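Asks: Fold the following.
(2 chains)
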Amino acid sequence: MATSSSTEKLPRVLIVKRPDAMAVLGDGFVASTKFEILKAFESPLPLPEFLAYHSDSISAIIAPVAAPVTADLIRILPNLRLVVTTSAGVDHVDLVECRRRGISVANAGSSFSEDVADTAVGLLIDVFRRISAANRFVKQRFWPVKGDYPLGSKLGRKRIGIVGLGSIGSKVATRLEAFGCQISYSSRNRKPCVPYHYYMDIEEMAATSDALIICCELNEKTLRLINKDVLSALGKRGVIVNVARGAIIDEEEMVRCLREGEIGGAGLDVFEDEPNVPKELFELDNVVFSPHSAFMTLEGLEELGKVVVGNIEAFFSNKPLLTPVL
Amino acid sequence: MAESSEPPVVLLHRPPSLTFMDEILTREFRTLITDTSSSESLPSFFPRHASSARAFVISGRLPVTDELLSHLPSLQILVCTSVGIDHIDLAACKRRGIVITNAGNAFSDDVADCAVGLLISVLRRIPAADRYVRAGNWAKFGDFQLGSKVSGKRVGIVGLGSIGSFVAKRLESFGCVISYNSRSQKQSSPYRYYSDILSLAENNDVLVLCCSLTDETHHIVNREVMESLGKDGVVINVGRGKLIDEKEMVKCLVEGVIGGAGLDVFENEPAVPEELFGLDNVVLSPHFAVATPGSLDNVAQIALANLKAFFSNRPLLSPVQLD
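Replies: Residues are numbered from 1 along each chain as shown, chains lettered A, B, ... in the order given. Alright, predicted model coming up:
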């Protein structure tokens, strides 16, 4: 509780749009005695006026994916020193402008990594073993009428190519190893001390994999990384799982491949234009849809809150950021 | 055993669609194939054609009664392609000196994979979320409801045979805490043992049923166990439908006494209780946990290996204890 005689003003942290985590956990999500939150989304003022009014006093931003931190926004906040995202990804933050201004950036670190990895594995098993499709089959009363459901595909010894072996990718790898899968990966750089086969070329990895799991960040190099050639190399029985960002896959091409049977199936948590998803895929039983919820468990969101608060408190007491990106 | 230059006579009984063993058996033995759709009944067919059959391979769950066995006077070995043998009159086999082999570990990987798949599906609501997106609700209403974290959950396995231990190994990689209940404690197992299922339910977030169906395990999951498991608890069943008191389970799900279920098996397949169809926290599969081509190959190989071992007096690969 701030005392009336306090001369130190608490740092002010801007939130432009309500993060999912705050919708679930309430204000307690990022409550702290060491900083003050300014919620633009609760103000009666339109955003430009709100920002104009508070611009000088804002020294940090909590940035959900829905509220990108653009160069324009940065330029009207002369005292901005820190951006903390509520996601692992920082592709919605203009890092070039942040670098130019000397603004530090921190992300969600590995708060969600287990949950995203769990979902990636769940989607993979679902596509291979047809869990959602069979659930529909039974609930639509087809079992007594149509008899047994078509065979799924065995997981054991499947060759899984993980794109991006960071915190999420490595957790996916250790889980799938326990199912007897063979793991390989493609990454910016080879990781030392990792027992999996490394591919520098993702098309080559696709050609020798039964499934690709996308776990990398979105940047200029990974935009449309999964293109026509990679999908073609993955092949008729190949499966793709995406828990990263929709734009990493050429979505139009993937939709075409799925509809024409050129790849074997997909488990998708992210899309190019959320919450819009390619409706042409709804007629396919070998596609499983997930509404960008891979990270969404109570425990994951609570952990995120701790990381966000921890980063802000550390920064303003001149300690190192917990999960620095810049 | 008298040496014979002729290969032994082996009976194979199977549904018309499951022909995966025909070729490998006919290559090695004089094989008589009957299928479940044939118009002639087995008690009529057997005395005329199968009196010298020493082995009987059953694909599927034909009830093997004492009466049926009485028509196979030369029978010495029953080779089942299932793991469960609750469809066989075990006492009659014992009396007649007939040994039984089952599928051993042929299906264990695939069943374990499916059990874990069902567990993740229920906790993280994957099929329900898939339906939400397909119905256009993500665009209309925004985020779907939160699921429950899988990693780190306390999972109680009922029956730590090969399926149960494969499930355990997979869930350990998710950081789950594994404990189990079994007929008896397994000395070599690293997991905590509970001597009764009620304590197992009380101390776990999820129960995974991997045990065989016997008189003792019939309805082992009853209302008391489900109340002990609690409103956030989840049941996964890849064993047999009758392991659970199905009527009570439906009530417990509808009333919120337990938090969810993933079910591959039911008391009266293919009939499934209607009340389950509308529940998003329930994931259903049509007894297909075993169903991948890989498993079928495995079971055919095990069946063949058991037969060859039997006919050359070597130890069987997957004999079932008849006690």
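
Asks: By mean pLDDT, flag the weakest helix or strand of chain B.
Replies: In chain B, the helix or strand scored least confidently by mean pLDDT, DSSP states H and E is helix B:42-49, which has a mean of 86.

Asks: following the helix or strand encompassing B:Val57, which helix or strand comes up?
Replies: For B:Val57, the host element (DSSP states H and E) is strand B:55-58. Using DSSP H and E, the helix or strand that follows strand B:55-58 in sequence is helix B:66-69.

Asks: still on that earlier bit, the strand holding B:Val57 pairs with which strands?
Replies: strand B:9-14 (parallel), strand B:77-80 (parallel) (DSSP bridges).

Asks: Can you tell me which of those has the worst average pLDDT?
Replies: Of all the strands paired with strand B:55-58, the minimum mean pLDDT falls on strand B:9-14 (a mean of 92).

Asks: That one to helix B:42-49, inter-axis angle?
Replies: Strand B:9-14 and helix B:42-49 are oriented at 160 degrees to each other (axes from the mean of the first three to the mean of the last three C-alpha atoms, to 10 degrees).

Asks: Report the buried residues of the helix or strand following strand B:9-14.
Replies: Using DSSP H and E, the helix or strand that follows strand B:9-14 in sequence is helix B:22-28. For helix B:22-28, the buried set under the neighbour-count rule, 16 or more other C-beta atoms under 10 Å in any protein chain shown, comprises B:Ile24, B:Leu25. For the C-beta atoms, the positions are set from N, CA and C on the backbone; glycine is no exception.

Asks: any residues touching helix B:22-28, and which ones?
Replies: The contact list for helix B:22-28, computed with C-beta atoms under 8 Å, 6 or more residues apart in numbering or on different chains, reads B:Pro7, B:Val10, B:Leu12, B:Thr31, B:Ile33, B:Val57, B:Ala300, B:Gln301, B:Ala303, B:Leu304, B:Leu307, B:Lys308.

Asks: now with 7 Å?
Replies: B:Pro7, B:Val10, B:Leu12, B:Thr31, B:Ile33, B:Val57, B:Ala300, B:Leu304 (C-beta atoms under 7 Å, 6 or more residues apart in numbering or on different chains).

Asks: try stretch A:10-28
Replies: Stretch A:10-28 is contacted by residues A:2, A:29, A:34-41, A:47, A:57-62, A:64, A:66-67, A:86, A:296, A:301-302, A:304-305, A:312, A:316, B:143, B:146 when judged by C-beta under 7 Å, 6+ apart.

Asks: so of the residues you listed, which ones are in strands?
Replies: Those of those mapping onto strands are A:Glu36, A:Ile37, A:Leu38, A:Lys39, A:Ile58, A:Ser59, A:Ala60, A:Ile61, A:Ile62, per DSSP state E.

Asks: Not counting sequence-adjacent ones, nearest residue to the second one?
Replies: For A:Ile37, the nearest residue in space outside its immediate sequence neighbours is A:Val13; the separation is 5.4 Å by C-beta to C-beta, 6 or more residues apart in numbering or on different chains.

Asks: roughly how far apart are the one you found and chain B?
Replies: Here the criterion is C-beta to the nearest C-beta, to the nearest Å. By it, A:Val13 lies 23 Å from chain B.

Asks: and the host helix or strand of B:Val122, average pLDDT?
Replies: Counting by DSSP H and E, the element that carries B:Val122 is helix B:108-123. Average pLDDT, helix B:108-123: 96.

Asks: same deal with stretch B:226-239?
Replies: On average, stretch B:226-239 scores 97.

Asks: returning to that earlier point: just the buried members of the contacts of helix B:22-28?
Replies: B:Val10, B:Leu12, B:Thr31, B:Ile33, B:Val57, B:Ala300, B:Leu304.

Asks: Quick check: the two most widely separated of the residues you listed?
Replies: Based on C-beta to C-beta, the longest span within the buried ones among the contacts of helix B:22-28 runs between B:Ile33 and B:Leu304 and measures 15.0 Å.

Asks: Next up, phi/psi of the residue of chain B positioned farthest from its centre, please.
Replies: Farthest-out residue of chain B from its mean C-alpha position, per C-alpha atoms, centre = their mean: B:Lys140, at 41.3 Å. With angles defined as degrees, to the nearest 10, B:Lys140 sits at phi -80, psi -50.

Asks: My read is that A:Phe128 contacts A:Leu155, right?
Replies: Yes. The criterion here is C-beta atoms under 7 Å, and A:Phe128 meets it with A:Leu155 at 5.8 Å.

Asks: Of those two, which one has the most company?
Replies: A:Leu155 (28 against 23; other C-beta atoms under 10 Å in any protein chain shown).

Asks: how much space between the more buried one and chain B?
Replies: Separation of A:Leu155 from chain B (C-beta to the nearest C-beta): 5 Å.

Asks: what's the burial count for residue 134?
Replies: Went with chain A since none was named. Applying other C-beta under 10 Å, I find that A:Ala134 has 26 neighbouring residues.

Asks: think we crossed wires, I meant chain B
Replies: Look at B:Arg134: counted by other C-beta under 10 Å, it has 19 neighbours.

Asks: Find the nearest non-adjacent residue to it, please.
Replies: A:Phe282 (5.2 Å).

Asks: Can I take it that that neighbour is in a strand?
Replies: No. Under DSSP: H, G, I helix; E, B strand; the rest coil, A:Phe282 sits outside any strand and is assigned helix.

Asks: Would you agree it is in contact with B:Gly136?
Replies: No. Between A:Phe282 and B:Gly136 there is no contact, the gap being 9.2 Å when judged by C-beta under 7 Å.

Asks: how many other residues sit next to B:Ser82?
Replies: There are 18 residues near B:Ser82, going by other C-beta under 10 Å.

Asks: closest to B:Ala115 among the contacts of helix B:22-28?
Replies: Comparing these against B:Ala115 with C-beta to C-beta places B:Ala300 closest, at 23.0 Å.

Asks: Can you pull the phi/psi pair for that closest one?
Replies: phi -60, psi -40.

Asks: So it is in contact with B:Phe20, correct?
Replies: Yes. Look at B:Ala300 against B:Phe20 with C-beta under 7 Å: they come within range, at 5.5 Å.

Asks: what about stretch A:191-208, average pLDDT?
Replies: 96.

Asks: how long is that stretch end to end?
Replies: Taking C-alpha to C-alpha, to the nearest Å, the first and last residues of stretch A:191-208 lie 20 Å apart.
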